[in-house]
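Trainee: Structural data only, the sequence is not supplied:
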């Protein structure tokens, strides 16, 4: 396992205090900022940020403020709780500091970061918050925010992602969203959306709340629905632990057995290639293309779920998903100029479908099967909100079937070879795609619909035609007619057409592509998640980029300097 | 009627070729760019843009490209068709140029405009497109785009707002969205959203389409659902007129009677005040506040609908709505540094409710009543998407009842006086608000819900409590308890609290406020309209502001110069 630190340093806007190469792999023994304790069915995640432990030099993480490094640990903890602790049914998130829960994202870090860094940081933070909600809703690990001190900005937004919010009632602890009055930006990690859409705070009260930097505590915070309950400091520990036990008892967590340890992820990262066991990427910075290949299972599917449990994180769907997850995060953070990701698969479609067939019926009853499917769902969602063009190439030897077909369905466009490469392997079986049960229900996008249903939005007939082909390998002509792929190309045209498509993509405005993809990928209904990634993040990105926030006299840069921000007063 | 042209010239980003003071009032006799012809139940709107007739110097409106001035005429025509032509049941939108329908927004105008101008221009254009859909859906005036030549960019987006799109099949005419490949920006006037969400073009095909500057015509355009039908040039006129007659016959337009002429709107615009008969505004640029007062009816409601018809555009709800509509457009365009609008009403709540009572039962059966209510709905929606803070003040003598209560419900916050101003008029009846039938159904927001339902999202009980008070004047204490207003204040606190709220608002980042309000105002479900104003516009605003589009080497500025745009290749 090598980790060669290529220096990838964003260079747009202001200065930069960013680390060279970010590694998302960690484990509790290496946490600097969180403590994870498990006591029977209740886990406690204690935030105790190391002020000097920032991911980059130049800022101190005071008052439990966070940077990407803090959030990477939180993400890891949430994942491990799901896989390593089937017994845990409630998770208390609290602070190890006195009188402060969390002050939100570190301002000095934000003020000095490049635009792309800020946006990527917020995206990951949002995904982690969404993952907390997913754990509560679909894994029976119910998150409780135990605010033993003030939760402001991103700190309150972290609480908002929990199912239940408790606030200590001590006349000084409050919840607040001071971003607008203090920093001129939005509470952009879901804050605005969750306040009105999840907690149903009346929007005029929400407006007042988001302009009142000093926050709201005590009974008013309950009346306005900003928190669920308050408890005096003297009764705090007892109140939290009672509530945690109560919510654990009500949780629908599937019954246990031993957990599955998430062992260190083997990864070989070189300047132009990243490889894991089942996922490989080659990076072509000149063409601005990453060629990603996901390998199907090396072995036949286990004969039983018990065998799958015994395999632990060697179980192909879990191993592959972990690798894909890490790769997405790596490329998003460290390779911002690689604008197009080409997605390929290689292996046996039958084996992929056999693994799917093992998981599918079990996902409702076996905790591990459930977790694996949910993890794949979240990872595919991460792909959906990735600001890179996704082009799937379906070639002979590929295994775009069932769960792996989702990669092609997530792509902005797909090209499929009709037949075989005559020069390479004229006797190979032609490329096929196969629709499986995994494409029909368990892997919804953020809009709540499957990728197939989103694809055929408003065309029930087309969807039915596809469903009728369930389990049948479809060659290019059929796949194109059914609308499962974008273009079927024959051997003669393949190389040129694909090359032109990739070159063309690289010639377009990266910003324009980001906007295009963010709009097209989410047809159909909107949910809290799509609102966060669409409406809220898009506005925040705009605000982040405006001089009123990030300019030399902008509010983000002025904060803490004693200077007042100077605003262009024009309303846009 | 005076129109003193104060020079209001946006000054952020690049250069500016903007007109001094924009007047939205026009009439067919003054159109430079459109011809409106009515032939029985079919109207034809012919776009024939005067190249030299731009709103500002510095660009030529070639190939039926448009600027704000062109769209102001279109808006006027759509409005007049609704009110002046009850007999019209289908509207054909076509071009007076040979082989070109419309080339979209003028690039040179966009490239030279300030950021705030671009954003405001797009917003109005979007509202006009939404109004076309509203006319089709709710007024029985079905719009048909008869593309007698190529429709590109905004030209195709105009077509997308029509119910039925016909394209001439001549081997050269196409539809296209070339914004991304040519300009590095989005088809931001609803294009991306309508392609996938309204017309259900498969998103991978939509992706290809939006990257192919040369567009798609003929049968493929039909197969991909980009248009509804094609017809050869030889049969074109006949095909269009057959289709128009057929769709007119199927339309649900309520039966006629004579139309209501929209007479020139009397408006007195001075440097610090704008007044109409029922709507007044004073502009305080120092405090960045516009104080807007809407006056209730001067007379009792007509005894019958026949009388209302006879009053024509003197009928209070119509007169007031026209004035409010014009004021919103004027302030949005010409007074960009006035960030807060204070909303007051004055008059008799009983009279407002009496007018509502006349309109409400009639809106489903009487064409004029229907049009008046729809117009009020659209105007209130315009308020919802206005990037200004809206603060309602409910004082003694006000008439926030029924339709006018919507102004307070549209506001970000409302303050209500408990009792009276002791020094001013101790014997006045105290301020009240009254919920009426208009608040319960006919005036939905863009999210498809009423303002009341959005306000009490997820709290059916609170909504029911309010509905039980229907028709009852509610004083401050009750209104606050019911959640109809934000804060009830007594005389002693009033002046200070209101002053502080307005000063505080003016101290915040205008960008941050725009983002905050755009997120909070649209809790609940999303629709094509909210997606356009939220997701699509927010991304477009970001893209517009980025150097990749608007910088000296950006794609918008490079277009037509022979230079290639130079992009920062980082994906954000």
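Mentor: That came in fine, so what should we check first? Remember, it's a predicted structure, so these values are computed and weren't measured experimentally.
Trainee: my guess is residue A:174 meets residue A:150, correct?
Mentor: Yes. Assessed by C-beta atoms under 8 Å, residue A:174 is found in contact with residue A:150 at 5.3 Å. No exception for glycine: its C-beta is placed from N, CA and C like everyone else's.
Trainee: shared neighbours of those two, anything?
Mentor: Taking C-beta atoms under 8 Å, 6 or more residues apart in numbering or on different chains as the contact rule, residue A:174 and residue A:150 both touch A:215, A:217.
Trainee: Give the next helix or strand downstream of the lengthiest helix in chain A.
Mentor: If you go by DSSP state H, chain A has its longest helix at helix A:115-138. Toward the C-terminus, helix A:115-138 is succeeded by strand A:142-147 as the next helix or strand (DSSP states H and E).
Trainee: Please, which helix or strand holds residue A:46?
Mentor: With DSSP H and E as the test, residue A:46 turns up in strand A:42-47.
Trainee: how many other residues sit next to residue A:271?
Mentor: 10 (other C-beta atoms under 10 Å in any protein chain shown).
Trainee: my bad, residue A:172
Mentor: Using other C-beta under 10 Å, residue A:172 has 11 neighbouring residues.
Trainee: again, but for the one 10 residues further on
Mentor: A count of nearby residues for residue A:182, using other C-beta under 10 Å, gives 20.
Trainee: tell me which element the residue nearest to it when sequence neighbours are not counted is part of?
Mentor: Take residue A:182 and drop its neighbours on the chain: the residue closest to it by C-beta to C-beta, 6 or more residues apart in numbering or on different chains is residue A:213, 5.4 Å away. Residue A:213 belongs to no helix or strand when elements are defined using DSSP H and E.
Trainee: Provide a list of residues in contact with residue A:213.
Mentor: A:176, A:178, A:181-182.
Trainee: what's the distance between the residue most central in space within chain A and residue A:332?
Mentor: Geometric centre of chain A, nearest residue: residue A:127, 3.4 Å, by C-alpha atoms, centre = their mean. The spacing between residue A:127 and residue A:332, counted by C-beta to C-beta, to the nearest Å, is 10 Å.
Trainee: before we move on, what about residue A:349?
Mentor: 28 Å.
Trainee: Up against chain B, what does the stretch 301-450 of chain A have?
Mentor: A:336-339, A:387-388, A:411-414 (C-beta under 8 Å from any C-beta of the partner chain).
Trainee: now with 6 Å?
Mentor: A:336-337, A:339, A:387-388, A:412-413 (C-beta under 6 Å from any C-beta of the partner chain).
Trainee: Am I right that residue A:36 falls within a strand?
Mentor: Yes. Using DSSP: H, G, I helix; E, B strand; the rest coil, the assignment for residue A:36 is a strand.
Trainee: neighbours of it, just the number please.
Mentor: There are 20 residues near residue A:36, going by other C-beta under 10 Å.
Trainee: and if you look at the one 3 residues further on?
Mentor: Using other C-beta under 10 Å, residue A:39 has 11 other residues around it.
Trainee: swap in the one 5 residues further on?
Mentor: Residue neighbour count, defined by other C-beta under 10 Å, stands at 19 for residue A:44.
Trainee: go on, residue A:361?
Mentor: 12.
Trainee: Distance check, it against chain B.
Mentor: 31 Å (C-beta to the nearest C-beta, to the nearest Å).
Trainee: State the pLDDT value of that residue.
Mentor: At residue A:361, the model reports a pLDDT of 90.
Trainee: What separation do you get for it and residue A:327?
Mentor: From residue A:361 to residue A:327 the distance is 29 Å (C-beta to C-beta).
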